[in-house]
Each structure stands twice: as structure tokens, then as C-alpha cells.
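Trainee: model this:
(chains A and B)
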Amino acid sequence: MTLALSIFDIAGRAMSAQLVRLNSSASNLANAGAVASSAEAAYRPLKPVFQTLYEGNSGRATVGVLGVVQANAAPQRRYEPGHPLADAEGYIHVSAVDANAEMVEIVETARQYSNNIEVLETAKSLTLETLRLGR
Amino acid sequence: MDRIDQYFGIHGAALALRSERMELLASNIANAATPGYKARDLDFRALLAEPAAATLATTSPRHFAATPPSETSPVRYRLPVQPSLDGNTVELATEQLQFAETAVRYRSTLAILNGRISTLTAALKGE
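Mentor: Presented below is the predicted three-dimensional model:
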């Protein structure tokens, strides 16, 4: 499939990819410390996989999300027999979300999202100025 | 060459080149978080010094038509100051700087073109 990319497509697709990344980080943070009664049922962190989409060999490229995968970080097993979700042996399974790493990820995502907005704004004002050429 | 083309000189082509360069830089900014992406840019000096594509004359019907080599593409990979572990060579500071510079240069080319157009219209109206 060949893409035809304008600067608006490039920045727009990148913004939607960053939004997917922001959504997965938000889901991970929301589920930090979530408890389950088995290792299988425990929440596993979501990670988006980015891929470059090239427009032929013109050099133009944008980014797409190949998919969102579950990280294979094993949930923490903690002994808490008094917990309502504890299994038969008295263990609960806590989701393996690294809250600090997710916060850093969110800050970086927000920065890159606003970079793309900056590109979009510049491209828009230049296009409008070009339209007014000679008036 | 057309008289009006001559009048606008290099600036029409410069406008197109600058917009192409901005698209490349936007691609780099878009791929700031993609592992393995290599940042690219236009080599302006090579573009300006570009000789007319040399073609081989076909003096016999049994000659093949030769196409110019494709390595004359003006797109070059950027050399990163500090490559990152995931293979991505986009450095946002560099890309944003180049993007801002290209935007300003685009605007100045627009201003030059605007000046020429208003001179031309003034001459046409005889004001």
C-alpha cells in the first residue's frame, strides 16, 4: 500500500499514535496496585508498539500503532491471608505496574504530542500565507 | 525559459524545496518515539549543485536506455550527536531547530515572491 502524505497527515497520524500511548499509560497507572486472586487474572501493563509508515522512498514517513501488547511482567505475589481476594494459600496477586516509569512515559508522550501540534500550527499558518500570495 | 519564470528566479523552486524539507522534518518529529527510525534531511548544497541529469546517448537501436543512478537522491541520514539504545536517531532539539529555521526561510521566500508580484502588478497597472 502506498501512502500519500502531506505534512498534516504526518503530524495528525503521529498525534493519534501518541494518544494511544497516552491511553495505555493512563490504563496502567489506573491499575497500579490492582489486586487479583490469581496470576492469570492480574492486570498486566499495556505497551503500544510503534511502527514507521514510509511513503515510498520519498523520505516522508509517519508513525502508526502496530498494536497494543501486554508486557510479560509477572504480577507480584504477596502473602495476605486476610484479604478478601486471597487464594487458597493466602496469596494475592498485585499488578506489576511501575508507576514512576508510567509517569515519565506520560510526560514524554505529552511533550511529543505538543511538538506535533507545533508542527501542525506552523504548517497551517505557512499554508494560509501561501494562499494569500500576491494579494 | 518563460519571462515570468525568469522574473521569479530561483524563488519558486526554493519555496517547493523548503516545503519538501519541512515535510521531512515533520516526519522526523512524528517518529521521535519509534524504535529504529533513522532521522533524515535534505542536503541543500547537493540540491543546488545538482548537475543536469547526465544521460547516455543511444546511437544504436540495440542500446539500452540508461537511467541516471538513483544514489543522487538529495535525502540524507542525519548523524546523531548521541545515538540512543533503541536505534532511533531523532534528536528533538535538532529537529525543532531545523524546522523553525526552515519555516522562517519559507516565510522570507514568500516575502520576496510577494514583493516581486506587487512590483509586477504595479507595472501592469501603470500606477
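Trainee: show me what contacts the residue in chain B positioned nearest to chain A?
Mentor: For chain B, the residue closest to chain A is B:A30, as judged by Cβ to the nearest Cβ, at 3.4 Å. (C-beta placed from N, C-alpha, C; glycine too.) Listed by Cβ atoms under 8 Å, 6 or more residues apart in numbering or on different chains, the contact partners of B:A30 are A:10-11, A:13-14, A:61-63, A:116, A:119.
Trainee: Report how many residues lie close to the residue nearest to it when sequence neighbours are not counted.
Mentor: If the residues on either side of it in the chain are set aside, B:A30 comes closest to A:A14, at 3.4 Å by Cβ to Cβ, 6 or more residues apart in numbering or on different chains. Counted by other Cβ atoms under 10 Å in any protein chain shown, the residues lying close to A:A14 total 29.
Trainee: Which positions in the lengthiest helix in chain A come out as buried?
Mentor: Scanning chain A for the helix with the most residues, using DSSP state H, yields helix A:99-131. Neighbour counts using 16 or more other Cβ atoms under 10 Å in any protein chain shown place A:102, A:105-106, A:109, A:112-113, A:115-116, A:119-120, A:122-123, A:126 of helix A:99-131 among the buried residues.
Trainee: now swap in stretch A:42-55 and tell me
Mentor: The neighbour-count criterion (16+ other Cβ under 10 Å) identifies A:42-48, A:50, A:52-53, A:55 as the buried residues of stretch A:42-55.
Trainee: ok, the contacts of B:A30 vs A:P75, which is closest?
Mentor: A:V63 (30.7 Å; Cβ to Cβ).
Trainee: correct me, but the closest one touches A:Q51?
Mentor: Yes: using Cβ atoms under 8 Å as the test, A:V63 is close enough to A:Q51 to be in contact (7.1 Å).
Trainee: which neighbours do the two share?
Mentor: By Cβ under 8 Å, 6+ apart, A:V63 and A:Q51 have these common neighbours: B:T34.
Trainee: Report the secondary structure state of the residue in chain A positioned nearest to chain B.
Mentor: Per Cβ to the nearest Cβ, A:A14 is where chain A lies closest to chain B, at 3.4 Å. A:A14 falls in the helix class when you classify it by DSSP: H, G, I helix; E, B strand; the rest coil.
Trainee: Would you mind confirming that it is in contact with B:Y37?
Mentor: No: with contact defined as Cβ under 8 Å, A:A14 does not reach B:Y37; the gap is 11.4 Å.
Trainee: Look at the residue nearest to A:E80 when sequence neighbours are not counted and tell me its secondary structure.
Mentor: Using Cβ to Cβ, 6+ apart and skipping the chain neighbours, the partner closest in space to A:E80 is A:I92 (5.1 Å). Following three-state DSSP, we place A:I92 in the strand state.
Trainee: What are the buried residues along the longest helix seen in chain B?
Mentor: The single longest helix within chain B, with elements called by DSSP H, is helix B:92-125. Using 16+ other Cβ under 10 Å as the burial criterion, the residues of helix B:92-125 that qualify are B:94-96, B:98-99, B:102-103, B:105-107, B:109-110, B:112-113, B:116.
Trainee: Where does pLDDT dip in the chain?
Mentor: No chain was given, so I picked chain A. Scanning chain A with the threshold set as pLDDT under 70 gives A:1-2.
Trainee: right idea, wrong chain: chain B
Mentor: Filtered on pLDDT under 70, chain B yields the residue ranges B:1, B:48-56, B:66-72.
Trainee: At the geometric centre of it, which residue sits there?
Mentor: For chain B, B:L17 is the residue whose C-alpha lies nearest the centre (Cα atoms, centre = their mean; 3.2 Å).
Trainee: which ones are touching that one?
Mentor: Counted by Cβ under 8 Å, 6+ apart, B:L17 has contacts B:42, B:44, B:47.
Trainee: Backbone dihedrals for the first one, please?
Mentor: Same thing as B:L42. Summarising the backbone geometry of B:L42 under the convention degrees, to the nearest 10, its torsions are phi -90, psi 140.
Trainee: For the closest residue to it other than its chain neighbours, which three-state class applies?
Mentor: With sequence-adjacent residues excluded and distances taken as Cβ to Cβ, 6+ apart, B:L42 is closest to B:R21, at 4.6 Å. With three-state DSSP as the basis, the three-state label of B:R21 is helix.
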